[in-house]
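Novice: can't give you the sequence, but here's the structure:
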RNA sequence: GGUUCCGUGGUGUAGGGGUUAACACGUCUGCCUGUCACGCAGAAGAUCGCGGGUUCAAAUCUCGUCGGAACCGCCA
């Protein structure tokens, strides 16, 4: 028999009346009425009210001390029932009270209000912060989410295989976390940025469907939606499958996951598919929020010979919003201010008046033909407003139009806040012109299969070569990246050649994969879901750190454990490291 | 690496040249037999992140520095 408790603090109900019970937990609070005292006793499972009649029993007991009590379960008077807690119909009258663990110091903050405390203090006393039921619950849900994903993948016939954490540095991608080798002077291990190479090697090893709840490590700066250092992916790969097959898995797993753990509606059925280029035009981003009904159109042609200099020979994008022509000037001025805040010179717009005439700062530059074209192109009607975003560079015009679209969505509250809307972004270009070198380079994953295989690489314009690669985006957040992998060495060589790499380069940098492929490898396809970011959305948090028990802060430190820290001279010597 | 914002009792905030540095919660003491954000009375607790400058006078203005957050870069 457990000496600390017969029951948890979350389970006693009217059914347990008159039972002699033992409970242990943290003291959440004491209400002393002189002659009768109430203790809120809290553990992982919940809260129970303990009644004490003898104040000498409370010696040394204060908030957050750990106590054990024995006593009888009694019914509360009807007018003293607390409906906020599951045990609220009963209370335990304490016969004995034992202090199991004292608090040495005054608390740095009140546990049940810890979410209001600055993050650096919370993380310094994370163990107290995590006692807060609201904070605690996130970690419990995270655990359940891992269970759910694991079960779901197994249900679909995927096999969980763990891959090395101590591995080697790979030349592409993010900065690695490196570990000095003791036995191999001057050589280093590295933590994996993702299990990419290993999961493809598993395919070459004849495993059919692999998955892993994989820790990934990248030595890059964080954001509110990006953890510093380590994060988890639901990583998967399947053999003898094409893009349709893996997309089907996406549609089976992710909405179910969001339905199970989220509080919102989830889009039913197949995800909408949007080709990358269409997304960049219509939404100004490769991760569109489809809850926003506004779409961007290109009107460059209309203004090709306009007298309005900023629009002439520029990329001009437009967003039409119906029924807002009557908004006051201040409303439009706010939008102009926003445009300036994102480094746009301004934002032009025209409004359609009752008599179908146009008004607005741009109107005087328009010819009758311009007006006619805009009416038909944008579908203008009485009450519509058409906003213009222009720039000489297409990428800038596109991006700014996307930001304005987002801002209009927010300002006009066009989004359904009770919805998770998924879509696929497809038809990713294989290559792009690098802004740094001006040369052709891979746009995303160089191991993706060019659509159409080897033949596709013959295309005279390499920018028209597409990869069988896709993202899953939900409410404007990129959650998943997936692709058909390039499993054929000769195609791989050709694809790398186009980007200026030789076969020797591949052998040097990706020897394991290249060698494995040359011994035969089934066609395979895979993807990975960012679990932490998904949880952030599901828990309705605006910071990913809320989904992890012990996150690093933005500066890559854990102030609680003192991470990173210095190591001993001996450790340095054994690993052949000399500090400068 | 860059930009912006923020550093005031334990916590959260107010105060924007002269204040006894204010308020709420917490802590401590006393009172209270039905509270659950208990209540009442009282007390302790702050060199206003640190360093320089301006000024008769700086928490307040200014420069620097340190720390934190958000964003940009970065994240195949």
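Specialist: Here it is on my side, so go on. Since the model is a prediction, treat every value here as computed from it, not as a measurement. Numbering: from 1, shown residues only, chains lettered A, B, ... in the order given.

Novice: what about the residue of chain A found nearest RNA strand B, how many residues close to it?
Specialist: In chain A, the residue that lies nearest RNA strand B is residue A:34 (2.5 Å; C-beta to the nearest atom of the strand). Placement of C-beta: from N, CA and C, glycine included. As a burial measure, residue A:34 scores 6 neighbours (other C-beta atoms under 10 Å).

Novice: equivalent analysis for residue A:502, please.
Specialist: 11.

Novice: please list all residues in contact with it.
Specialist: Shown in contact with residue A:502 (C-beta atoms under 8 Å, 6 or more residues apart in numbering): residue A:496.

Novice: what does residue A:498 give?
Specialist: A:431, A:440, A:457, A:462, A:465.

Novice: I'd like the distance between the last one and residue A:217.
Specialist: Using C-beta to C-beta, to the nearest Å, we find residue A:465 at a distance of 32 Å from residue A:217.

Novice: so where's the stretch 151-300 of chain A shaky on pLDDT?
Specialist: Within the stretch 151-300 of chain A, the stretches with pLDDT under 70 are A:171-172.

Novice: strands along that one, start to end?
Specialist: Residue ranges of the strands in the stretch 151-300 of chain A, as given by DSSP state E, counting those that start in this stretch, are A:159-160, A:178-180, A:188-190, A:209-218, A:229-239, A:265-266, A:272-275, A:296-298.

Novice: mean neighbour count and distance to residue A:580 added to these, as a markdown table?
Specialist: Converted to a markdown table, the strands of the stretch 151-300 of chain A look like this (neighbours: other C-beta atoms under 10 Å; distance: least, C-beta to C-beta, whole Å):
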| stretch | mean neighbour count | distance to residue A:580 |
| --- | --- | --- |
| strand A:159-160 | 12 | 44 |
| strand A:178-180 | 15 | 15 |
| strand A:188-190 | 16 | 17 |
| strand A:209-218 | 21 | 25 |
| strand A:229-239 | 23 | 24 |
| strand A:265-266 | 15 | 54 |
| strand A:272-275 | 16 | 51 |
| strand A:296-298 | 19 | 52 |
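
Novice: closest one to residue A:546 among those strands?
Specialist: Closest approach to residue A:546 among those (C-beta to C-beta): strand A:229-239, 13.6 Å.

Novice: tilt between the closest one and strand A:209-218?
Specialist: Here strand A:229-239 points in a direction 160 degrees away from that of strand A:209-218 (axes from the mean of the first three to the mean of the last three C-alpha atoms, to 10 degrees).

Novice: tell me the strands beside strand A:229-239, with direction?
Specialist: strand A:209-218 (antiparallel), strand A:524-530 (antiparallel) (DSSP bridges).

Novice: quickly check: that strand near RNA strand B or not.
Specialist: No. Using C-beta under 7 Å from any atom of the strand, strand A:229-239 stays clear of RNA strand B, coming no nearer than 9.3 Å.

Novice: okay if I get the strands paired with strand A:229-239 as CSV plus distance to residue A:390?
Specialist: Formatted as CSV, the strands paired with strand A:229-239 follow (distance: least, C-beta to C-beta, whole Å):
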stretch, distance to residue A:390
strand A:209-218, 37
strand A:524-530, 35
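
Novice: compare those and give me the one nearest residue A:358.
Specialist: strand A:524-530 (45.4 Å).

Novice: ok, residues contacting that closest one?
Specialist: With contact meaning C-beta under 8 Å, 6+ apart, strand A:524-530 is reached by A:194, A:199-200, A:203, A:214, A:231-243, A:245-246, A:249-250, A:253-254, A:468, A:470, A:472, A:478-485, A:487.

Novice: check whether the lengthiest helix in chain A comes near RNA strand B.
Specialist: Looking across chain A with DSSP state H, the single longest helix is helix A:133-155. No. Contact of helix A:133-155 with RNA strand B is not found when judged by C-beta under 7 Å from any atom of the strand; the minimum separation is 12.6 Å.

Novice: and that helix, how far from the chain's centre?
Specialist: From the chain centre to the centre of helix A:133-155 is a distance of 15 Å (C-alpha atoms, centre = their mean, to the nearest Å).

Novice: what does it contact?
Specialist: For helix A:133-155, using C-beta under 8 Å, 6+ apart, the contacting residues are A:42, A:44, A:112, A:114-115, A:129-130, A:160, A:211, A:213, A:234, A:236, A:252-253, A:256-257, A:260-261, A:531, A:534-535, A:538-539, A:541, A:546-549.

Novice: skipping adjacent residues, who's closest to residue A:411 in space?
Specialist: In this structure, residue A:411 finds its nearest non-sequential neighbour in residue A:335, 7.0 Å apart by C-beta to C-beta, 6 or more residues apart in numbering.

Novice: show me what the helix or strand harbouring that neighbour is packed against.
Specialist: Element membership for residue A:335 (DSSP states H and E) is helix A:329-341. Counting contacts by 3 or more C-beta pairs under 8 Å, 6 or more residues apart in numbering; DSSP states H and E, helix A:329-341 packs against helix A:394-411.

Novice: state the distance from the closest residue to residue A:52 other than its chain neighbours to residue A:54.
Specialist: Leaving aside its chain neighbours, residue A:52 sits nearest to residue A:37 (4.4 Å; criterion: C-beta to C-beta, 6+ apart). Separation of residue A:37 from residue A:54 (C-beta to C-beta): 9 Å.

Novice: these two: which is more packed in?
Specialist: residue A:37 (19 against 12).

Novice: for the more buried one, give me phi and psi.
Specialist: With angles defined as degrees, to the nearest 10, residue A:37 sits at phi -130, psi 140.

Novice: quick check: it touching residue A:56?
Specialist: No. Using C-beta atoms under 8 Å, residue A:37 is not in contact with residue A:56; the gap is 10.9 Å.

Novice: would you mind listing what in the stretch 51-200 of chain A touches RNA strand B?
Specialist: By C-beta under 7 Å from any atom of the strand, the residues of the stretch 51-200 of chain A that approach RNA strand B are A:51, A:53, A:62-63, A:76-77, A:79-82, A:84-85, A:88, A:91, A:106-110, A:113, A:116-121, A:172-175, A:193-194, A:196.

Novice: the residues you listed in strands, which ones?
Specialist: A:51, A:91 (DSSP state E).

Novice: for residue A:245, what are its contacts?
Specialist: A:238, A:525.

Novice: where's the spatially closest residue to residue A:484 that is not a sequence neighbour relative to residue A:194, distance?
Specialist: In this structure, residue A:484 finds its nearest non-sequential neighbour in residue A:468, 3.8 Å apart by C-beta to C-beta, 6+ apart. According to C-beta to C-beta, residue A:468 and residue A:194 sit 19 Å apart.

Novice: which of these two has more neighbours?
Specialist: Shown here are residue A:468 and residue A:194; by other C-beta under 10 Å, residue A:468 has more neighbours (24 against 21).

Novice: now the residue lying closest to residue A:216 once chain neighbours are set aside: how far from residue A:449?
Specialist: Take residue A:216 and drop its neighbours on the chain: the residue closest to it by C-beta to C-beta, 6+ apart is residue A:194, 4.9 Å away. Computed as C-beta to C-beta, the residue A:194 to residue A:449 distance reads 18 Å.
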